[in-house]
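> Next input, structure requested:
(2 chains)
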2 protein chains.
Amino acid sequence: MSTLGPTPAHTPQLRKDDGAPVHPGTLYLVPNTLDLGLAAAPLDTVLPAAVIQVAARLGHWAAEDAKTARAFLKRVDALVPLTLPLQQIAMAELPRPRKGSGEVVPAAAWHALLAPALAGHDLGLISEAGLPAIADPGAALVEAAHAAGVPVQPLVGPSALMLALAASGLEGQSFAFVGYLPQEPAARVARLRELEALSRRQRQTQLMIETPYRNEALLQAMLDALASDTRLSVSAGLTTAAAFTRSALVATWRTQPSALPPRVPAVFALLAR
Amino acid sequence: MSTLGPTPAHTPQLRKDDGAPVHPGTLYLVPNTLDLGLAAAPLDTVLPAAVIQVAARLGHWAAEDAKTARAFLKRVDALVPLTLPLQQIAMAELPRPRKGSGEVVPAAAWHALLAPALAGHDLGLISEAGLPAIADPGAALVEAAHAAGVPVQPLVGPSALMLALAASGLEGQSFAFVGYLPQEPAARVARLRELEALSRRQRQTQLMIETPYRNEALLQAMLDALASDTRLSVSAGLTTAAAFTRSALVATWRTQPSALPPRVPAVFALLAR
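Model (predicted):
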């Protein structure tokens, strides 16, 4: 039995054509900022200096969106000059099935993205906002990395979900993130009541997100569907100048309503009594 | 209806004895490092420069543990000189009911900790590791802040749970953190099977933690109790030099076992098929 350590325990041995062993590069999970579509927040308010340095030296990337990834690298370059000129940095986009097509991206397509790492180069994975592979595509690439013996190193950066949870004051010893709710009104109400019942039974905070232009509709649906003594917290624009969190009983939200700013990403959290 | 913004929407107006309004300070949720009890990782690998600056200027703190909070401030001081000498910084410890006593800390005790903020001073909340109020005490203080109209601002730092989830390659669109499992063997197996069934039904990654010296026992219990085709990921020592993540099928963990390093905090994640 091996002891796990910085090197993966059961790496399939990679070899060059001439049989010489190749040490794979590392897959770095590089966090992006949370200000997509908002006024830019300074990079050093959301990323540790060492993370900015890693981002500046990577020559190979897999990105949810190449354009936003390049915009991120320009912001990095302003603080720590990129090792390679931007146009020489290899940037591959994650495969994406057409929405609602039910297509599944074949494992081979994910494996192909690992080619730079298998050839010995470090590789960055980045999404449009926050930590890659959380509420975001990219987990399949991380899975492929483990299967291929490529070490995976997650880097510290902003997680809207965790910032919102901490700022909510709701139960932080047990929580769940359930993604998006159904859009159809009756199904949405049913799902909200299901989550509220689950929260009550397990004393578990339930976290969810919505497409920003529908934030106001989700808030209204929550105020209509949830019990008066359920606690509801909404965080929006976290890490930006307009960041706020309001956490109160549903009854209070009803008697003292708040409008949510339009087009600002928000996280909703509920805890039932 | 007010629009939510950087200022809380429904702040009870605080007044001094002479009736003049007082603007409350902000409650900053200050992340700590994840290297408690391990070789120290440089602060700038896990905290953004702006967060280190905020920590350096706060004169009032509420801490899970005063000793580790002061040790944190010494590390901050080495990068950004503290505004006040360490011995002049006010440090209050969070009230803690005796373990297993079933005592509940009265709301007034939490409210009392907010005194500096209510008098107009910014206040930091810090735990022994990672983000305060997540898998850690402190949520009740955040709740009290919302009730008292004290603005709450969460700062970016390392979350072992999110780093482990990203590094696992498991489902990141739906996940739950369930804390600790029961220690009694039969109850632990029952809980593991319950979580596995839930994970299968909801396609939801289940995250859990254990007291470090029991990591090996939890891993063994998981290998005994879980299905061969369940995916299991273990991350340990994340953000430190010894950081690693192994993510594989339970069947693979069984045929190619790994020992976990002793006394290193770990996060366990499972996803059933």
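
> what about the strands in chain A?
Taking DSSP state E, the strands of chain A run over residues A:2-3, A:14-15, A:21-22, A:27-29, A:60-63, A:90-93, A:123-126, A:152-154, A:175-177, A:205-209, A:231-236, A:244-249, A:258-259, A:266-271.

> Make CSV from those strands and add distance to B:Thr205 to it.
Heads up, the C-betas are built off the backbone N, CA and C, glycines and all. As requested, those are exported to CSV (distance: least, C-beta to C-beta, whole Å):
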stretch, distance to B:Thr205
strand A:2-3, 25
strand A:14-15, 29
strand A:21-22, 32
strand A:27-29, 15
strand A:60-63, 21
strand A:90-93, 25
strand A:123-126, 18
strand A:152-154, 15
strand A:175-177, 9
strand A:205-209, 14
strand A:231-236, 22
strand A:244-249, 25
strand A:258-259, 32
strand A:266-271, 18
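
> mind putting those in CSV, mean pLDDT, distance to chain B and mean neighbour count included?
Compiled in CSV, these are given as follows (pLDDT from 0 to 100; distance: least, C-beta to the nearest C-beta, whole Å; neighbours: other C-beta atoms under 10 Å in any protein chain shown):
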stretch, mean pLDDT, distance to chain B, mean neighbour count
strand A:2-3, 50, 5, 12
strand A:14-15, 63, 17, 14
strand A:21-22, 74, 19, 10
strand A:27-29, 98, 5, 27
strand A:60-63, 98, 13, 24
strand A:90-93, 97, 18, 16
strand A:123-126, 98, 9, 28
strand A:152-154, 97, 4, 26
strand A:175-177, 98, 4, 26
strand A:205-209, 98, 9, 24
strand A:231-236, 98, 7, 25
strand A:244-249, 96, 4, 23
strand A:258-259, 89, 5, 16
strand A:266-271, 98, 10, 24
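
> Below-threshold pLDDT in chain A: ranges please.
A:1-17, A:98-100 (pLDDT under 70).

> Domain parsing of it, as residue ranges.
A:14-154, A:160-271 (automatic domain parsing).

> Let me have those domains in a markdown table, extended by distance to B:Tyr28.
Output for those, formatted as a markdown table (distance: least, C-beta to C-beta, whole Å):
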| stretch | distance to B:Tyr28 |
| --- | --- |
| domain A:14-154 | 13 |
| domain A:160-271 | 10 |
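
> what ranges do the helices span in the stretch 101-250 of chain A?
Assigned by DSSP state H, counting those that start in this stretch, the helices in the stretch 101-250 of chain A fall at A:107-113, A:115-118, A:139-148, A:160-168, A:185-202, A:215-225, A:250-255.

> Out of those helices, the one nearest B:Glu184 is which?
Smallest distance to B:Glu184 across the helices of the stretch 101-250 of chain A (C-beta to C-beta): 19.6 Å, for helix A:185-202.

> Could you list the buried residues of that closest one?
A:Arg188, A:Val189, A:Arg191, A:Leu192, A:Leu195, A:Glu196, A:Ser199, A:Gln202 (16 or more other C-beta atoms under 10 Å in any protein chain shown).

> is it true that A:Glu196 touches A:Leu226?
Yes: at 5.7 Å, A:Glu196 counts as touching A:Leu226 under the criterion of C-beta atoms under 8 Å.

> tell me, what's touching these two both at once?
A:Leu270, A:Ala272 (C-beta atoms under 8 Å, 6 or more residues apart in numbering or on different chains).

> ok so, going back, restricting to the buried residues of helix A:185-202, which residues neighbour chain B?
Contacts with chain B are made by none of the buried residues of helix A:185-202, judged by C-beta under 8 Å from any C-beta of the partner chain.

> nearest to A:Val105, of the residues you listed?
Of all the buried residues of helix A:185-202, A:Val105 sits closest to A:Arg191, with 27.0 Å by C-beta to C-beta.

> what sits against the closest one?
If you count contacts by C-beta under 8 Å, 6+ apart, A:Arg191 has them with A:Leu181, A:Pro182.

> Over to A:Val105?
For A:Val105, the contact set (C-beta under 8 Å, 6+ apart) comprises A:Pro95, A:Arg96, A:Pro97, A:Ala140.

> What is the neighbour count of the second one?
Right, the one you point to is A:Arg96. 12 (other C-beta atoms under 10 Å in any protein chain shown).

> Now it: phi and psi?
Main-chain torsions, A:Arg96, degrees, to the nearest 10: phi -130, psi 120.

> Run through the residues that contact it.
A:Arg96 is in contact with A:Val105, A:Pro137, counting by C-beta under 8 Å, 6+ apart.

> how close does it sit to chain B?
14 Å (C-beta to the nearest C-beta, to the nearest Å).
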